[in-house]
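[1] coordinates for the following, if possible.
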Amino acid sequence: MRKNSIKVILRDKVSIEMSPYDLGKGRITFRHK
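    Numbering: from 1, shown residues only. Below is the predicted model:
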């Protein structure tokens, strides 16, 4: 698993991947420019 820090600021559009087991947790997979 790759762990990179993605710099996200307010009003950025991101793609997230939700965990099917815990809907409160998700992971940002891509930040749209």
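
[2] and the residue sitting nearest the centre point of the chain, how far is that from residue 13?
    Geometric centre of the chain, nearest residue: residue 28, 1.0 Å, by Cα atoms, centre = their mean. According to Cβ to Cβ, to the nearest Å, residue 28 and residue 13 sit 11 Å apart. Backbone N, C-alpha and C define where each C-beta goes, glycine included.

[3] surely the residue nearest to the centre of the chain touches residue 18?
    No: the criterion here is Cβ atoms under 8 Å, and residue 28 misses it with residue 18 at 11.0 Å.

[4] identify the contacts common to the two.
    Residues touching both residue 28 and residue 18 (Cβ atoms under 8 Å, 6 or more residues apart in numbering): there are none.

[5] so where is this structure shaky, pLDDT-wise?
    Low-confidence segments of the chain, defined by pLDDT under 70: 1-2, 5-6.

[6] that one: strands as residue ranges?
    13-18, 26-32 (DSSP state E).

[7] now those strands in CSV, with distance to residue 4?
    Output for the strands of the chain, formatted as CSV (distance: least, Cβ to Cβ, whole Å):
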stretch, distance to residue 4
strand 13-18, 13
strand 26-32, 10
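
[8] between the ones you listed, which one is closest to residue 3.
    Comparison of the strands of the chain against residue 3 by Cβ to Cβ identifies strand 26-32 as nearest, at 10.0 Å.

[9] next, the angle strand 13-18 makes with that closest one.
    Calculated by axes from the mean of the first three to the mean of the last three Cα atoms, to 10 degrees, strand 26-32 forms an angle of 150 degrees with strand 13-18.
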